[in-house]
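**Student:** 3D model of this:
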Amino acid sequence: MKFSHSLAIIALLGSQTHGFQLSPSMATMQSRSVSSLSASVAEGSSMDTSLMQQQSPPSPPDMQAYSNGFRTVFNEVSCSLSTPTEGTLPTDLIGTYYKSGPAMFSAGSLPPPKNSLVKPKQPPVPDGEDMSRMVLHPFEGDGAVLAMTFHGHENIETGEDNADEAADTVDTKGKVTTRFRYVRTNAFNNERKKGKKLYTGMESTRSNDSSGSVGNDLSLPFYRHHLLNGLNKLRKNTSNTRAVYFGKRLLTMWAGGLPYKLDALALSTDGRSQLGGIIKREENAMSSSAVIDSKRNRILFYGIDEQASGSALNIYEFNSKFQPIKENDGAVHLELPGLALVYDFGVTENYCVFVQPQLKVNGMQYMLNKEPGKSAALESESALLHIVARPGNKDAGGMKTIEIPFDGMAEANLQIINSYESEDGTIIFDALRSADSGGGSKSSTQWPWASTLGDFQNMSSKKSLWRYEVNPKKGLVSKDCISHDQLYFGVVNSNTSAQKHRYIYAAAGAMGEVVAPPQGITKFDLDTGARESWFPESYEFCGEPMYAERRGDDSEDGGYILSTLFNGKDESSELVVLKANDVASGPIARVPIGIAVPHGFHGCFASTDDANWTYEQIERRAKLADKMETRGSMWNEVKSDFSGLGLRFDDMEEYFGDLM
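**Tutor:** Numbering: from 1, shown residues only. So this is what the prediction gives:
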């Protein structure tokens with residue numbers, strides 16, 4: 001495997017083992033020598049440029065156009081049929097694409113239903129008109145979900161037997177059914193009724209120079225939530241970070257609170273979910289990450305209840321029907337040392353992998369206010385790698401901890417793209433790392449945040465793509481840099497999740513290794529070292545690339561890459577479709593979304609038959625959701641679990657949020 005600009009670090013370190021036994025194959029694993037590794041690094045550094053397929057370097061990004069992508073969406077899309085303006089949608093692209101992200105930057109900008117018992121004192125105002133309503137960081141914006149269902153070759157059959165039915169059926173061949181709706185979190189409902197910002201618990205951290213470009217990273221910050229645990233006004237669950245569809249259920253996630261369950265067709269909010277009761281208390285925190293084991297067709301989640309003295313890690317595993325697996329009731333619970341701010345994890349056949357950065361905790365500040373920017377700072381020390389046996393493992397909950405050798409970059413805010421176990425027991429995972437770029441100027445904490453490249457660089461970390469290889473038996477960790485280019489939101493074909501993968505797709509900045517916003521799409525071939533990229537116009541910006549399966553093709557790159565594309569020149573958004581095996585040629589189709597969708601975070605593509613609804617099914621559900629919305633003031637909160645729908649009246653903050 002050839003990696004460009006490679007750096008390798010190997011350490012054989014003492015480790016702590018708690019409980020589980022390693023497989024015999026690990027004991028026979030041979031470590032690579034420093035000299036042989038250095039040779040491979042040198043080889044990787046001289047990658048054959050003929051393998052790098054991409055267009056000429058694009059123009060520097062139009063930063064005014066980019067900053068236009070942080071504007072509040074004032075109008076939702078209930079149900080709309082979209083036709084490509086360029087190209088043709090493949091008939092074998094069938095399923096539903098979901099994407100989550102913040103979309104309300106001026107608090108309370110979607111008025112409550114007309115019959116609401118509590119009405120705002122002032123109507124919504126344009127972004128920037130009332131700065132007291134503006135959030136200080138895009139991550140604090142209320143979450144919304146985009147859904148686009150591809151109908152493939154569906155067509156109206158006009159035979160004699162079904163002529164009447166066909167007359168009432170919308171022709172969706174080559175079209176997409178689009179929806180965009182806010183997640184009705186408790187905080188969202190509170191602020192829309194008051195017409196003002198009620199949650200300010202993170203504002204001190206967002207204004208803190210010492211937080212650096214990692215702590216307040218513009219694309220996705222290391223400081224995600226207030227450190228006061230439980231349900232409280234300081235910890236605002238915006239449910240804006242990830243949309244995941246599995247087992248006929250759609251969830252939106254945010255690090256620090258419970259996920260929200262949404263109707264998969266209409267995107268209406270059912271309420272907070274305790275995942276069928278496996279999460280025992282509503283106060284328990286969940287992460288914003290979920291990983292599917294593609295081989296067993298299972299999904300895993302985790303949550304961490306963070307404390308300075310030690311943090312409680314909870315791992316949950318569900319089968320294909322979204323029921324806890326039988327082994328250990330689908331859960332393991334264990335302790336992590338110190339304050340564990342861990343936002344992503346990897347899953348292999350037998351283990352879950354967590355990387356915990358070392359933090360220096362200010363005990364006085366933590367005791368007095370628990371503001372993350374004042375209470376915790378990243379240390380320039382080795383991070384801890386925790387390898388935990390999965391709930392279905394015979395040694396479930398057993399944990400081994402290894403120090404990752406420090407190379408000058410803290411392993412904080414790590415995005416783990418995929419992980420797997422090799423035949424000899426080595427655990428391998430690829431990840432995007434973030435390094436402090438030395439930014440963090442106060443001037444860039446005000447909306448629209450990044451209208452110049454300098455402002456963006458002040459608020460953004462330097463990112464790069466790395467491969468980690470771990471021998472748990474020997475405590476051996478190596479890491480190689482695959483690319484120093486500025487990359488975001490790495491993904492693989494979901495059919496290789498928790499299995500060996502060959503290809504990685506990522507959003508890429510347009511200035512190579514220089515810090516710049518996500519704009520184009522890059523594909524890496526980890527077997528050959530080949531790389532290909534596509535970049536749009538300087539005023540256009542792609543989001544997370546998402547692999548979409550091509551019906552009838554089980555090759556690793558035989559499908560399609562989907563991505564939202566924001567046009568900051570005319571403030572509109574499209575969904576672009578590229579061939580996964582020919583990214584450099586650019587989109588084969590562009591589908592208008594109908595609104596300007598802000599820069600978002602993570603999503604998924606559901607290719608299963610249960611996510612292939614007709615336009616009529618979606619439209620009926622959307623009309624019902626709109627009707628129920630007008631009656632929403634009947635209830636304080638709708639709390640959902642997978643067993644059914646429950647209603648309750650115990651959330652007084654909805655009506656008295658500004659007095660509490």
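**Student:** List the buried residues for stretch 180-195?
**Tutor:** Neighbour counts over stretch 180-195 (16 or more other C-beta atoms under 10 Å) mark 180-195 as buried. All C-beta spots, glycine's among them, are computed from the backbone N, C-alpha and C.
**Student:** Look at that stretch and report the distance between its end residues.
**Tutor:** The first residue of stretch 180-195 is 21 Å away from its last residue (C-alpha to C-alpha, to the nearest Å).
**Student:** Stretch 113-124 too?
**Tutor:** 14 Å.
**Student:** pLDDT of that stretch, averaged?
**Tutor:** Taken as a whole, stretch 113-124 has an average pLDDT of 86.
**Student:** Pull the residues that contact it.
**Tutor:** Stretch 113-124 is touched from outside by 72, 74, 106, 108-112, 192-196, 629-633, 654-655, with contacts defined as C-beta atoms under 8 Å, 6 or more residues apart in numbering.
**Student:** next one: phi and psi at residue 365?
**Tutor:** When quoted as degrees, to the nearest 10, the phi and psi of residue 365 stand at phi -60, psi -40.
**Student:** how about it, what does it touch?
**Tutor:** 371, 374, 375.
**Student:** Residue 501 too?
**Tutor:** Counted by C-beta under 8 Å, 6+ apart, residue 501 has contacts 418, 420, 430, 492, 493, 526, 556.
**Student:** Let me know whether the last one touches residue 499 as I believe.
**Tutor:** No - the pair residue 556 and residue 499 fails to qualify as a contact (C-beta atoms under 8 Å) at a distance of 10.0 Å.
**Student:** what's the helix or strand hosting residue 574 in contact with?
**Tutor:** In the assignment (DSSP states H and E), residue 574 maps to strand 572-579. Residues lying outside strand 572-579 but in contact with it, judged by C-beta under 8 Å, 6+ apart, are 85, 87, 89-90, 93, 97, 148, 176, 521, 534, 536, 542, 548, 560-567, 585-593, 595-597.
**Student:** in that strand, what's buried?
**Tutor:** 573, 574, 575, 576, 577, 578, 579.
**Student:** Check the burial of the nearest residue to the fifth one once chain neighbours are set aside by counting its neighbours.
**Tutor:** What sits nearest to residue 577 in space, not counting adjacent residues and going by C-beta to C-beta, 6 or more residues apart in numbering, is residue 589, at 4.4 Å. Neighbour count of residue 589, defined by other C-beta atoms under 10 Å: 21.
**Student:** Residue 589 pairs with what?
**Tutor:** Taking DSSP bridges as the rule, residue 589 bridges to residue 87, residue 577.
**Student:** picking up where we left off before, buried only: go through the contacts of stretch 113-124 for me.
**Tutor:** Among those, those classed as buried by 16+ other C-beta under 10 Å are 72, 106, 108-110, 112, 192-196, 629, 632-633, 654.
**Student:** hmm, back to that, average pLDDT for the strand holding residue 574, rounded please.
**Tutor:** 98.
**Student:** How far off centre is that strand?
**Tutor:** 19 Å (C-alpha atoms, centre = their mean, to the nearest Å).
**Student:** Over to stretch 190-205?
**Tutor:** On C-alpha atoms, centre = their mean, the centre of stretch 190-205 falls 23 Å from that of its chain.
**Student:** try stretch 536-554
**Tutor:** That offset, for stretch 536-554, works out to 15 Å (C-alpha atoms, centre = their mean).
**Student:** out of the contacts of strand 572-579, which are inside strands?
**Tutor:** 87, 97, 148, 176, 521, 534, 542, 548, 560-567, 589-592 (DSSP state E).
**Student:** element containing residue 397?
**Tutor:** Secondary structure (DSSP H and E) places residue 397 outside all helices and strands.
**Student:** doesn't residue 386 make contact with it?
**Tutor:** No - if you go by C-beta under 8 Å, residue 397 and residue 386 don't touch, sitting 11.6 Å apart.
**Student:** who's more crowded, the two?
**Tutor:** Between residue 397 and residue 386, counting by other C-beta under 10 Å, residue 386 is the more crowded of the two (24 against 19).
**Student:** Contacts only, for the more buried one.
**Tutor:** Under the criterion of C-beta under 8 Å, 6+ apart, the neighbours of residue 386 are 313, 336, 353, 354, 355, 356, 399, 400, 401.
**Student:** For it, name its beta-bridge partners.
**Tutor:** Here residue 386, judged by DSSP bridges, has bridge partners residue 354, residue 401.
**Student:** Tell me, what's the model's pLDDT at it?
**Tutor:** 98.
**Student:** Now do it against residue 412, distance only.
**Tutor:** Residue 386 is 15 Å from residue 412, where distance means C-beta to C-beta, to the nearest Å.
**Student:** Show only the entries of the contacts of residue 501 found in strands.
**Tutor:** Counting by DSSP E, those contribute 418, 420, 430 to strands.
**Student:** how far away is the closest residue to the first one other than its chain neighbours from residue 406?
**Tutor:** Excluding its sequence neighbours, the residue lying closest to residue 418 (C-beta to C-beta, 6+ apart) is residue 492, at 4.7 Å. If you measure residue 492 against residue 406 using C-beta to C-beta, the figure is 28 Å.
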